[in-house]
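Student: heads up, no residue letters with this:
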């Protein structure tokens, strides 16, 4: 990577760490499971997620779309933060993100990953009953 891309990757990693914490992923300890869950939710390997959060790499555009969905943030904002598109382009095309069950929990203040997992399991089970 060039010095400019190193700096961009570092800024991107900081932004993703902040967004992940806001979305309820616990990234504070080595065994909290937040990074593993983020990787799973974003459809990327744990190694890629780790390097991204450390500010060493920026995932490809397809991975950015899945990452934006996992974090509940607009994909255009994420593409701009990754240097794929300009800030102006992102601002010119705002698109609301759908409210997922996980985002709803976060907005309600349920940020503990264990609590979220338990509640999401209940929601999933209830959705299954409603479909019958």
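Tutor: Thanks, I have it. Quick caveat, the model's predicted, so the values are computed rather than measured.

Student: break this protein down into its structural domains.
Tutor: Taking automatic domain parsing as the domain assignment, the ranges for the chain are 3-95, 99-132.

Student: which of those domains sits most buried?
Tutor: Using mean count of other Cβ atoms under 10 Å, the stretch among the domains of the chain with the greatest mean number of neighbours is domain 3-95 (a mean of 17). To be clear about C-beta, it is placed using only N, CA and C from the backbone, and glycine gets the same treatment.

Student: for this protein, which spans come out with low pLDDT?
Tutor: Where the chain drops to pLDDT under 70, the residues are 1-5, 94-97, 131-132.

Student: please redo it, this time with the cut-off set to 50
Tutor: Segments of the chain classed as low confidence (criterion: pLDDT under 50) are 1.

Student: need the longest helix for it.
Tutor: Within the chain, and with DSSP state H defining each element, the longest helix by residue count is helix 3-22.

Student: can you pull out the strands in this protein?
Tutor: Taking DSSP state E as the criterion, the chain contains no strands.

Student: before we move on, back to that, same for the longest helix of the chain, what does it pack against?
Tutor: The criterion is 3 or more Cβ pairs under 8 Å, 6 or more residues apart in numbering; DSSP states H and E, and the helices and strands that helix 3-22 contacts are helix 46-53, helix 61-71, helix 75-81.
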